[in-house]
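K.L.:
from the sequence below, what's the structure:
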Amino acid sequence: MNREFVTHSFLLPEKNSWINLDGKMPTDSIPYKLSWIHMECDNIKTKEWLYAQDDIDEMVTDALLAEDTRPRTTIYPDGYMINLRGVNLNTEEDPHDMISIRMYVQNKRIISTSRKQLHAVDDLAALLKTDDAPETPGNIVAAVLEILADRAESFIIELKESTYDLEYKIIDEADINQRRQITEIRRAVIKFSRFFSPQRDAAIKLTTIKGSFFSVSDEQSVQESINKLNKFIEDLDSLDNRCYVLQDEVAAITNDRINKKMYYISVMATVFLPLSFLTGLLGVNLGGIPGARDDMGFLKFILVLLAVLALQIILLVKSKKL
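P.N.:
You can find the predicted model right below:
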């Protein structure tokens, strides 16, 4: 077994720090307290390996290989299954298209899978190489929740800043194209909200697990992640409400501009309607048209049109419609 389908594999011996197995599977040749294996969910060899393990329940295997998952925690007799979501940091992909990580946690083993590269998994691998590396299943799960929350926080802040900037632009000068920007922000808010609420519930359920999985410090760390998720959800609700207000504001300003333009068009039509009537009336090809034989007829007609135009402008100004 190699890195062909195993992305990360680490082993924690009885007395030493974590050993990076560089994609190889842990063996019993080295006594260990805990192991962590992260595999590519879509790789056929991952499926073959998981189904070949007699000590892994088939329901757990199905959960590790599921096509689509929502964040949740499921407790089994010998461990628990936790599905989480992290922001998508892959190139040319939307951060709010969140990537799932599935973790099956036991006392001496953690197996995780994901369909796409998740940078939070790489962060965990980097953490295991440090002196402050987590050393228990509870430590690792708490660390994963913290990493996922920290990764998401920067994007929530970015969404908030984008909304603030858009609010200032709308106040200065609203533009119908800003509707598209508002729609993009709402799209991100909806996608983030879809997973943050169940992720918070999954983390809350973790705090109900008793026994050797979680220490007091682990529970405190998980609770801190829950607090961050609560804040994210509150921020997203606030952003969604502000987007509705911004949409109404842009629509109102846009409609006001359209109404003003339509008003001026109506005024211009009102001004030129009598002039068009006179020119049309005197332009008919019939006998008896006034001034038809007068050399000064055209000039007199122009003066009449100017007089009518001046009279209309005076009346419009007095009626305060111009």
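
K.L.:
helix/strand/coil for residue 29?
P.N.:
Here residue 29 is recorded as coil under DSSP: H, G, I helix; E, B strand; the rest coil.

K.L.:
repeat that for residue 241.
P.N.:
Residue 241 - assigned by three-state DSSP - is helix.

K.L.:
quick check: pLDDT value at it.
P.N.:
What the model reports for residue 241 is a pLDDT of 89.

K.L.:
that one: neighbour count?
P.N.:
If you count neighbours by other Cβ atoms under 10 Å, residue 241 ends up with 11. C-beta here means a position set from N, CA and C on the backbone, and glycine is covered the same way.

K.L.:
one more: the one 5 residues further on?
P.N.:
For residue 246, the tally of surrounding residues (other Cβ under 10 Å) stands at 22.

K.L.:
quick one: the helices in this protein, in order.
P.N.:
44-52, 58-64, 119-128, 137-172, 178-206, 216-282, 297-318 (DSSP state H).

K.L.:
mind putting those helices in a markdown table, distance to residue 12 included?
P.N.:
Below are the helices of the chain laid out as a markdown table (distance: least, Cβ to Cβ, whole Å):
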| stretch | distance to residue 12 |
| --- | --- |
| helix 44-52 | 21 |
| helix 58-64 | 21 |
| helix 119-128 | 8 |
| helix 137-172 | 10 |
| helix 178-206 | 21 |
| helix 216-282 | 16 |
| helix 297-318 | 87 |
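
K.L.:
right, and the ones you listed - which one's nearest residue 113?
P.N.:
Set against residue 113 and scored by Cβ to Cβ, these come closest in helix 58-64, at 4.8 Å.

K.L.:
what are the buried residues along the closest one?
P.N.:
Across helix 58-64, burial judged by 16 or more other Cβ atoms under 10 Å covers 60-61, 63-64.

K.L.:
tell me the centre residue of this protein?
P.N.:
Centroid-nearest residue in the chain, with Cα atoms, centre = their mean: residue 188, separated by 2.0 Å.

K.L.:
so for it, what's the nearest residue that isn't a sequence neighbour?
P.N.:
residue 96 (4.4 Å; Cβ to Cβ, 6 or more residues apart in numbering).

K.L.:
from what I can see the one you found touches residue 89, true?
P.N.:
No: in this structure, residue 96 is not within contact of residue 89 by Cβ atoms under 8 Å, at 11.4 Å.

K.L.:
between those two, who's got more neighbours?
P.N.:
For residue 96 versus residue 89, neighbours defined as other Cβ under 10 Å are more numerous around residue 96 (20 against 15).

K.L.:
sketch out the low-pLDDT regions of this structure for me.
P.N.:
Of all residues in the chain, those with pLDDT under 70 make up the ranges 1-3, 174-176, 211-212, 284-288, 291-292, 320-322.

K.L.:
do that again at 50, thanks
P.N.:
1-2 (pLDDT under 50).

K.L.:
quick one, domains of it?
P.N.:
With automatic domain parsing as the criterion, the domains of the chain are listed as 6-253, 257-318.

K.L.:
out of the ones you listed, deepest packed?
P.N.:
With neighbours taken as mean count of other Cβ atoms under 10 Å, these reach their highest mean count in domain 6-253, at a mean of 17.

K.L.:
re the thing from before, now, which of the buried residues of helix 58-64 sits nearest residue 238?
P.N.:
Compare each of those with residue 238 using Cβ to Cβ and the shortest gap goes to residue 63, at 33.9 Å.

K.L.:
circling back: just to check, the residue nearest to the centre of the chain is in contact with residue 160?
P.N.:
No: Residue 188 is not in contact with residue 160 according to Cβ under 8 Å; the separation is 11.1 Å.
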